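1. how would this look folded up:
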Amino acid sequence: MHVSIIIVNYNTFELTSNCIRSIYNKVKDIAFEIILVDNASSEKNPDDFKVEFPNITLIKSEINLGFAKGNNLGIQHAKGDYILLLNSDCELRNNAPLISYEYMKSHPTCGMSTVQLHYPDGRLQYNCRKFRTIGWELLEVIPLYLLLPKAKKEELMLHHYFKHDREVSCDWVWGTYMFFPRSILKSLPGEKLAEDFFMYSEDVLWCWQIKQLGLSISFVPEGKVMHVHKGSSKGKKNHFQKMGIDNHAIFMKRIYPNWKWYIFNFIYKSKQHSFSLLKKILN
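-> Have a look, this model is predicted:
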């Protein structure tokens, strides 16, 4: 088995079904399995997935484990040499898993890779990131970054300053699509993906831990995936947004474990509050 594709479903039956169909339609020339973890969905009986997709491995959790624990539960049943974590609100637009597999095989020092993501209307999503720093936050708050040359902004921050049109090494990528060798788990704490967060910012932490092993994180634009974005966490938008901001601040405390973190946290949360207030005014 080359690749185990892990999908976590929570009340997104239609989106998840579309995701699975796209895998069967697009993935060729590689041995793969689909492991679907249902996080105690109430929307629909998860057994209905097996009616249309009898070959998937369906794991039914009695409680909502969240994203990190849900993926770890799926990985426990994986047989592939590589793991692909794929959000339930995604649809493959080409044979991205094969592209990722061939890339990882030819880049042994790469610990994780991702691909190009698009909104349903075709717009790019900026899923390739650098770790935040005090300097970056200050640049955006003032905002001095407007004075920087385009190439310098891309180098410092990636994100929306980067066109996502070429291969690049980055610090972290969205958990929407994460491709990595299963063997890497043996080198992580507890030999599994960290479960510090229920959801949001776990992807940052996983990438940070992989980089601590001396491995790189790569963005490979040849792979194409449509991502509804927030489709797998519909409802309670403000609650999830706050969770994401809070979790990222907690993660940053690992990078800034002393007085620097208090400076970062003050600037970071002040900026997020200002952005939220501006959105309310504009709306």
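2. ok, residue 141 - contacts?
-> Contact analysis of residue 141 by C-beta atoms under 8 Å, 6 or more residues apart in numbering lists 267, 270-271. Every residue, glycine included, has its C-beta placed from N, CA and C.
3. chain center to whichever strand or helix holds residue 23, what's the gap?
-> Secondary-structure element containing residue 23, defined by DSSP states H and E: helix 13-26. Helix 13-26 has its C-alpha centroid displaced from the chain centroid by 18 Å (C-alpha atoms, centre = their mean, to the nearest Å).
4. which strands and helices lie in contact with that helix?
-> For helix 13-26, the packing partners by 3 or more C-beta pairs under 8 Å, 6 or more residues apart in numbering; DSSP states H and E come out as strand 3-9, strand 32-39, helix 48-52, strand 90-92.
5. if you set the cut-off to 7 Å instead, what comes out?
-> Taking 3 or more C-beta pairs under 7 Å, 6 or more residues apart in numbering; DSSP states H and E as contact, the helices and strands that helix 13-26 lies on are strand 3-9, strand 90-92.
6. tell me which element residue 104 is part of?
-> Using DSSP H and E, residue 104 falls within helix 96-106.
7. show me what the helix or strand following that helix is packed up against.
-> Next helix or strand after helix 96-106 toward the C-terminus (DSSP H and E): strand 110-118. Under the contact definition 3+ C-beta pairs under 7 Å, 6+ apart, strand 110-118 sits against helix 96-106, strand 177-181, helix 202-212, strand 216-227.
8. deepest-packed of the ones you listed, please.
-> Comparing the helices and strands packed on strand 110-118 by mean neighbour count (mean count of other C-beta atoms under 10 Å), strand 177-181 ranks first with a mean of 24.
9. packing partners of that one?
-> Secondary-structure packing of strand 177-181 (3+ C-beta pairs under 7 Å, 6+ apart): strand 82-86, helix 96-106, strand 110-118.
10. got the angle for it vs strand 82-86?
-> Here strand 177-181 points in a direction 170 degrees away from that of strand 82-86 (axes from the mean of the first three to the mean of the last three C-alpha atoms, to 10 degrees).
11. need the contact partners of strand 177-181.
-> Identification of contacts with strand 177-181 by C-beta atoms under 7 Å, 6 or more residues apart in numbering yields 81-86, 90, 100, 104, 111-115, 117, 203, 225.
12. between strand 3-9 and the helix holding residue 23, find me the angle.
-> Going by the same axes, to 10 degrees, helix 13-26 makes 160 degrees with strand 3-9.
13. any idea what residue 8 is bridged to?
-> residue 37 (DSSP bridges).
14. got a pLDDT number for it?
-> On pLDDT, residue 8 comes in at 97.
15. if we ignore the residues flanking it in sequence, what's nearest the residue positioned nearest the centre of the chain?
-> In the chain, the residue lying closest to the centroid (C-alpha atoms, centre = their mean) is residue 175, at 1.1 Å. Using C-beta to C-beta, 6 or more residues apart in numbering and skipping the chain neighbours, the partner closest in space to residue 175 is residue 203 (3.5 Å).
16. surely that neighbour touches residue 176?
-> No: the pair residue 203 / residue 176 is not scored as a contact, 8.2 Å apart, by C-beta atoms under 7 Å.
17. and the gap between residue 100 and residue 250?
-> 29 Å (C-beta to C-beta, to the nearest Å).
18. repeat that for residue 76.
-> According to C-beta to C-beta, residue 76 and residue 250 sit 26 Å apart.
19. which residues touch the closest residue to residue 55 other than its chain neighbours?
-> Closest residue to residue 55 apart from its sequence neighbours, by C-beta to C-beta, 6+ apart: residue 34 at 7.5 Å. Listed by C-beta under 7 Å, 6+ apart, the contact set of residue 34 reads 5, 7, 20, 23, 56-57.
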